[in-house]
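Chemist: prediction below, plus the sequence it came from.
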Amino acid sequence: MFTGDGNPKESSPFINSTDEGVYFRIPMVSSLLSSLANYSNLPQGSKEHEEAENNEEDHGIKTAPRMGTVMGVYLPCMQNILGVILFLRMTWLVGVGGVMGTFLIVFMCCSTTMLTAISMSAIATNGVVPAGGSYYMISRSLGPEFGGAVGICFYLGTTFAGAMYILGCIEILLGLEGPEAEAGMLNNMRVYGTIVLSLMALVVFVGVKYVNKLALVFLACVILSILAVYAGVIKSAFDPPDFPICMLGNRTLMSKGLDICAKTIERGNSTVTTKLWRFFCDSEFLNATCDEYFTNNNVTQVQGIPGVTSGILAENLFSFFMEKNEVLEKRGIPAVVDPDVPTTNANRYVLADITSFFTLLVGIYFPSVTGIMAGSNRSGDLQDAQKSIPIGTILAISTTSTIYMSCVILFGACVEGVVLRDKFGEGVNGNLVIGTLAWPSPWVIVFGSFFSTCGAGLQSLTGAPRLLQAIARDGIIPFLRVFGHGKANGEPTWALLLTASICEIGIIIASLDAVAPILSMFFLMCYMFVNLACALQTLLRTPNWRPRFKFYHWALSFLGMSLCLSLMFICSWYYAIVAMGIAGCIYKYIEFCGAEKEWGDGIRGISLSAARYALMRLEEGPPHTKNWRPQILVLVGLDGEQNVEQPRLLSLTNQLKAGKGLTIVGACVEGTYLNNHPQAQKADQSLRKLMETERVKGFSQVVISSNLRDATSHLIQAGGLGGLRHNAVLVSFPKNWKQAVDNQRLRNFIEVVRETTAAHLALIVPKNISAYPSNGERFTEGHIDVWWIVHDGGMLMLLPFLLRQHKVWRKCKMRIFTVAQMDDNSIQMKKDLLTFLYHLRLDAEVEVVEMHDSDISAYTYEKTLVMEQRSQILKEMHLTKNEREREVQLIQGKNATPTPTSPTSPASLSVGAVTPGEEVQMTWSDDIDKGKNPAVANPETVRDMFNMKPNQSNVRRMHHAQKLNEVIVKKSQEAKLVLLNMPGPPKNRTGEENYMEFLEVLTEGLNRVLLVRGGGREVITIYS
């Protein structure tokens, strides 16, 4: 038993206990009567409510027996599809659009619903479909966002359908008065429509069981009416009914008020004028002054229904579109008309009430093919939903399509064109035009269509609230939750109230022709997404996609989807845009505010396929400099409670994310995976929570290892996937590193620096991270100062630019300080740097600070390698255009380590980018004697300065760091942020404390410092 929605889905202990042809056997009379008694055309859930009401009186009532294909799907679909448009508008559509045009419209619309039914059958037979029908199918196939949007569209469509049925019902009640008193008629429609809506809502509120009881009566009326029409057609072949139409020239006259179709009659020996004469002349006497058209043309009578054998079909084959208030004219009758004289006495002719054109006809006709979901909406009441839904729905569409197509041809073959175009039957005594054809009496059609519209209206008012209730109970649209509640038995009271209010909007419009395209839009939108859902599931080949219905194909679904979209814009492009706008707004609303739901939907499948495809493409090669963006691995520490120690690191990450790259927030837990997995999960949750608070979009990763050093190393090595890997590491400067307790933290930090250098990753180290601004703060003024000592691929230039994209730093100005040696030309250097920044499209102030070589000795060896490339960049501003085009993006240091003895040609050098080779250790040189030129230092002979004991040389090194620090403090003490090149780590462990001491001295007296170390590749370019 499946009990997803509280109802057992299989009534038999054996799943396949019904054989293949069971629904087509001749049933016993008793079982037929029993199933007819239990027939109901209500959505699923209505029966349960009825039973709940009955159970209040009698607890012993058993659940209603399950229904088969005919009672459960075929008849409800038939009743929903055949309706008001067939009775009230079909003849007019044939008259205006012509037999060929209308046949094309019917064929297009029926093809759309047939293709949709095929897609729907595939989805409906892919597992159990509980309450909610089409909404449930789409939301579980396309996800909550699409499901909610389409569910609301389907709900609005069903609600406006209720309004359309009520308007049709009133049109029949008011005796089809026509446009003669248009304003008065519209108000009548509004008043009577509101009364009928209130009564229907009351019936639905009081109890669904009353609607249930009437369902069979309504269906019988519809079938009898259609049979009466076919009987009339057959009778017209040998005995056409007498329905004369009075014509003046070729114009159709209104039958109301006419006693006889003639200008004068002979009474005794005298000629007497008729009422018709008095309509067009100023007196009843023969010498009266008459309307010119009346005088010049004869009055004739035309047979309204010449019969199926009369050959009238040829005349009705082609379209006859009319402007509003144009007189209905018959083709082929001669008339004397003076084109300069305006039409007078127009109120005596039958006039067109609206301007007609092909697309309008599509919009008006489409609602008559909706209703194909009636079977799938009630899947819980079916004996074997997976067999009944496809067979019943497709049979119902085939039957109704045959009826519609045959009606188009038969109406065109039986009825005179002017009668067909007479929408309100004004030329045939106010009869329904289809009623004039019916046998034995027009009243069969009047009663049939009246009950049909009432029944369909009641069903809409019963079905729509339940659909809204299903959406509300899913909780995906927060503001609709109130509509999930109802009476004690589950009757959706609040949803019914909202449905009635929306229905009233349709009734205030008061025109069936204006309401029809509105609901066409919403139904087409729903059908489009049913087709999309089927096509997606088929193309994605989800393992769970194995429908029992096998006669589907993704191409058919796409064709159905394209037809739906085309019909939307054919019907009315502005309504289509509004409907899509409503669906789009609901989609975005659910995406931002809705509850998180994981329904295994197809959109997730698409995301997965797209992500895989994109990752495979990323593997093809390193990104171009123009596409470089910081993909940051943030290393955070955890306290004993597994909470993040430095939350401001994530604030800084958010501020750096103007580059929209990847973010991985990594943390380490000490221990073994088996013992410490709960702590890791807790840490992961705390990371996610903090990321959400700081609005950092990315991924969290927690690694468990026996020691923190290894765990950090694992994160740096294994973070990311394929081509989507981090290229920069963000780690905060260790606090209290001088204390013996934190000695391990110091070692970990320096190992991170070493590993990032070896892996050619950029390194960003914020010092005093607690002093950095949170995302809520704003700097109204201030500077971001960049101290450009060695060129590191442009990271120093790029980071301030990214920070200034964020609202925290937006008002800060950028300043660049570059250090020149005493023998450099400072003025030229400043000019070149300004030109360089101009080409980089960066706004910054520039200042050149002159210092002795010895004062930047910590950078001496790196300077040997890269500082002259900085000069080379500035020289490249003077390259010719051809040379610029030959720019090479990246040069591996293993192949080319530029030295002064082998000058690098501009063609082989990128904008100063050099990746240091493995044989070149990026460390300090103590070769700082003024007699030697640091540029000729040999990497093999350089001794690691930090390996020395505290002697004169070390003291001298600290002294130089202090000198550099003094200059920085003097220029940048008031800056909001200072960015500095970070020197490379020492080769041997003995110099680690000296290295940290150097960094402390270098950054002393500065509030916020960002130490930056490039990853050895160019990250910024002057080229477009």
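Modeler: Alright, I've got the coordinates. Numbering: from 1, shown residues only.
Chemist: what comes up buried for stretch 465-478?
Modeler: Buried residues in stretch 465-478, counted by 16 or more other C-beta atoms under 10 Å: 465-474, 476-477. Bear in mind the C-beta positions are built from the backbone N, C-alpha and C, glycine included.
Chemist: likewise for stretch 995-1013?
Modeler: For stretch 995-1013, burial by neighbour count (16+ other C-beta under 10 Å) applies to 995-1003, 1006-1013.
Chemist: do the same with stretch 640-649
Modeler: Within stretch 640-649, the residues scored as buried using 16+ other C-beta under 10 Å are 642, 644, 646, 648-649.
Chemist: need the contact list for Cys454.
Modeler: 165, 169, 200, 218 (C-beta atoms under 8 Å, 6 or more residues apart in numbering).
Chemist: 6 Å instead, please
Modeler: For Cys454, the contact set (C-beta atoms under 6 Å, 6 or more residues apart in numbering) comprises Cys169.
Chemist: gap between it and Cys221?
Modeler: 9 Å (C-beta to C-beta, to the nearest Å).
Chemist: just Pro986 next, same as before
Modeler: On the measure of C-beta to C-beta, Pro986 and Cys221 end up 96 Å apart.
Chemist: with Ser732 instead?
Modeler: Ser732 sits 79 Å away from Cys221, going by C-beta to C-beta.
Chemist: related to what we said a few turns ago, among the buried residues of stretch 995-1013, name the ones in strands.
Modeler: 1009-1013 (DSSP state E).
Chemist: can you lay out those as JSON lines showing distance to Gly83?
Modeler: Output for these, formatted as JSON lines (distance: C-beta to C-beta, whole Å):
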{"residue": "Val1009", "distance to Gly83": "76"}
{"residue": "Leu1010", "distance to Gly83": "71"}
{"residue": "Leu1011", "distance to Gly83": "76"}
{"residue": "Val1012", "distance to Gly83": "72"}
{"residue": "Arg1013", "distance to Gly83": "75"}
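Chemist: quick check: Ser139 touching Gly147?
Modeler: Yes - with contact defined as C-beta atoms under 6 Å, Ser139 and Gly147 form a contacting pair (2.1 Å).
Chemist: ok, the two, which is more surrounded?
Modeler: The neighbour count for Ser139 versus Gly147, taken as other C-beta atoms under 10 Å, is higher for Gly147 (30 against 27).
Chemist: roughly how far does that one sit from Ser310?
Modeler: Between Gly147 and Ser310 the computed distance is 53 Å (C-beta to C-beta).
Chemist: dump stretch 689-697 to CSV, keeping only the CA atoms.
Modeler: The C-alpha atoms that make up stretch 689-697 are tabulated as CSV, following Å, rounded to 0.1, in the frame of the first residue of the first chain:
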residue,chain,number,x,y,z
LYS,A,689,25.9,29.5,9.2
LEU,A,690,28.7,32.1,9.3
MET,A,691,28.9,32.1,5.4
GLU,A,692,25.2,32.8,5.3
THR,A,693,25.5,35.6,7.8
GLU,A,694,28.4,37.2,6.0
ARG,A,695,26.7,36.5,2.6
VAL,A,696,29.7,34.6,1.3
LYS,A,697,28.6,32.5,-1.7
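Chemist: okay, buried residues for it please.
Modeler: Residues 690-691, 694, 696 are the ones in stretch 689-697 that count as buried (16+ other C-beta under 10 Å).
Chemist: grab the nearest non-local neighbour of Glu845.
Modeler: Take Glu845 and drop its neighbours on the chain: the residue closest to it by C-beta to C-beta, 6 or more residues apart in numbering is Arg815, 4.6 Å away.
Chemist: what helix or strand is the one you found located in?
Modeler: Taking DSSP states H and E as the definition, Arg815 sits inside strand 813-820.
Chemist: can you check Thr300 too?
Modeler: Judged by DSSP H and E, Thr300 forms part of strand 299-303.
Chemist: sheet partners, orientation included, of that strand?
Modeler: Note on strand 299-303: by DSSP bridges, its sheet partners are strand 244-248 (antiparallel).
Chemist: how close does Leu173 sit to Leu708?
Modeler: Taking C-beta to C-beta, one finds Leu173 at 83 Å from Leu708.
Chemist: try Leu833
Modeler: Leu833 is 42 Å from Leu708, by C-beta to C-beta.
Chemist: which residue lies farthest from the center of this protein?
Modeler: Asn269 (80.8 Å; C-alpha atoms, centre = their mean).
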